[in-house]
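Enquirer: Structure for this input, please:
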Amino acid sequence: MTAETTEAAERVPGAADPRRDVFFVSNSVDELGGVTSWSHQMARLFTGRGHRVHVVGITPSEVPQELGEVPYPTTTLYAGQPPRPGRAREASMREEATKLTALFRAARPGAVVIVTQVWAMEWVAQADTYGLTVIGMSHESYAYSKASSRFHRVRRHYRDVDRMLALTREDADLWIGQGMNNASYMPNPLPFMPEVPSARTEKVVVSIGRLHDQKGIDMLLDTWAEVAPRHPDWRLRIYGSGEDEEILKKQCTALGLDACVEWMGRTSDVPGALRGGSVFALSSRGEGFPLALMEAMAMGVPCAAFDCAPGVREIVHDGVDGLLAGLGNTGELARRLDTLMSDQGLRDGMGERARAGIQRYTTTEIVHRWEELFAFLER
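Expert: Here you go, the predicted model:
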């Protein structure tokens with residue numbers, strides 16, 4: 001069995017599409033990061049389709065993001081952090097799991113629990129989910145998961161759920177190879193499709209992401225140190241905040257880049273940030289199905305990216321609508337950026353193809369696939 005055969009079985013033409021109770025259970029309801037953004041995007045989409053949605057977090061986040069008003073309830077189980085591992089932790093988990101059970105028992109028949117992060121699954125596993133469909137998700141590549149403690153937790157806690165979802169067919173097949181025969185895949189939906197794309201006239205390379213080791217901004221600065229001398233009239237504009245901000249700014253200064261790197265902080269206007277750029281750079285060490293990359297392509301901004309995950313290869317067609325470099329090869333990434341920065345015609349052509357091609361991940365298509373999966377798993 002492969003993810004492709006699983007997907008074919010799940011696509012049931014004319015399947016019933018009842019409105020359901022859908023629970024999203026994550027580590028936190030408002031922590032910074034792509035999983036939270038994805039959860040609330042899907043919650044809004046499902047709510048708009050008539051589903052009754054509830055977003056649940058295990059703990060409050062230490063650095064919350066502003067959610068604004070949301071058209072569905074949210075619940076956080078703990079008021080603070082849970083006890084350290086041990087008997088007190090186990091007792092608290094059982095107690096908090098009863099809150100999940102109460103929420104689940106109040107659901108209508110056909111309800112679905114979508115666990116977006118495997119740590120949260122430890123609480124869901126202790127709740128009563130009888131009669132509910134439980135879907136566990138991994139929002140990172142198989143390779144990035146395997147290099148972390150999450151790999152064994154996915155195998156342990158997701159092995160008996162109704163479906164374990166990776167973000168790409170390639171990753172799903174790798175999980176199946178690990179004995180996860182319930183594995184399939186579901187790509188992320190396009191976060192937005194703006195009417196007005198970037199004009200690609202500003203001499204600006206844009207990066208958007210947390211200032212965290214995973215996002216590889218240190219490698220992007222090393223890359224920029226190679227590119228900047230050849231393009232003294234260009235700027236690297238970095239959007240994001242995080243725990244590595246101070247050390248990254250020190251690296252920037254040490255590389256002599258302060259005059260051509262702009263630290264923009266967090267932004268709530270991603271389209272506006274991208275509209276001000278002509279090239280997008282993704283320097284991550286690991287990704288799942290990166291939303292920032294999709295957002296850039298929707299804005300018609302061609303990308304130069306590290307080939308750090310199957311999701312990147314699925315989104316970007318190398319040489320057609322963007323350019324890829326080997327993971328961690330800053331010299332190669334510098335050459336890819338140089339190619340795009342040096343050729344306005346190439347930027348325009350790749351940007352237009354990126355904007356057209358990324359529409360294969362429209363919200364309509366992805367929500368339809370989710371609803372087909374719900375119907376299939378209920379049978």
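Enquirer: average pLDDT across stretch 231-240?
Expert: For stretch 231-240, the mean pLDDT works out to 97.
Enquirer: can you pull the contacts of S141?
Expert: Taking CB atoms under 8 Å, 6 or more residues apart in numbering, we find S141 in contact with L167, T168, D171, G286, E287, G288, C308, A309, P310, G311. Backbone N, C-alpha and C define where each C-beta goes, glycine included.
Enquirer: scratch that, M180
Expert: V154, R155, Y158, R159, M164.
Enquirer: what's the answer for G110, then?
Expert: P18, R20, D21, T133, F374, E378.
Enquirer: Helix, strand, or coil at S92?
Expert: Per DSSP: H, G, I helix; E, B strand; the rest coil, the secondary structure class of S92 is helix.
Enquirer: Pretty sure it sits against Q81.
Expert: No. Using CB atoms under 8 Å, S92 is not in contact with Q81; the gap is 10.3 Å.
Enquirer: These two: which is more packed in?
Expert: Using other CB atoms under 10 Å as the criterion, S92 and Q81 rank with S92 on top: 15 against 10.
Enquirer: With respect to P64, which of the contacts of S141 is nearest?
Expert: G288 (21.9 Å; CB to CB).
Enquirer: circling back to that earlier point, relative to L274, which of the contacts of S141 is nearest.
Expert: Looking across those and measuring by CB to CB, the closest to L274 is E287, at 17.6 Å.
Enquirer: Please report how far that closest one lies from A183.
Expert: Here the criterion is CB to CB, to the nearest Å. By it, E287 lies 19 Å from A183.
Enquirer: Please name the nearest non-neighbouring residue to R89.
Expert: P83 (4.5 Å; CB to CB, 6 or more residues apart in numbering).
Enquirer: all strands of the stretch 201-350 of the chain, in order?
Expert: Along the stretch 201-350 of the chain, the segments classed as strands by DSSP state E, counting those that start in this stretch run 204-208, 235-239, 261-265, 279-282, 303-306, 322-325.
Enquirer: of those, which approaches S149 most closely?
Expert: Minimum separation from S149 across these (CB to CB) falls at strand 303-306, 23.3 Å.
Enquirer: mind listing the strands for the stretch 1-150 of the chain?
Expert: Here the stretch 1-150 of the chain has its strands, by DSSP E, counting those that start in this stretch, at 21-26, 52-57, 74-76, 112-115, 133-137.
Enquirer: and the angle from the second one to strand 21-26?
Expert: Counting by axes from the mean of the first three to the mean of the last three CA atoms, to 10 degrees, strand 52-57 points 20 degrees away from the direction of strand 21-26.
Enquirer: which outside residues touch strand 52-57?
Expert: Residues from elsewhere that reach strand 52-57 (CB under 8 Å, 6+ apart): 19-31, 39-40, 43, 46-47, 70, 72-77, 100, 103, 108, 120.
Enquirer: what do you get for the first one?
Expert: For strand 21-26, the external contacting residues (CB under 8 Å, 6+ apart) are 35-36, 39, 42-43, 46, 51-58, 100, 103-104, 107-108, 110-117, 120-121, 123-124.
Enquirer: Please work out the average pLDDT along it.
Expert: The model assigns strand 21-26 a mean pLDDT of 98.
Enquirer: What separation do you get for the closest residue to P82 other than its chain neighbours and G86?
Expert: Spatial nearest neighbour of P82, excluding adjacent residues (CB to CB, 6+ apart): S92 at 5.4 Å. From S92 across to G86, the span is 10 Å (CB to CB).
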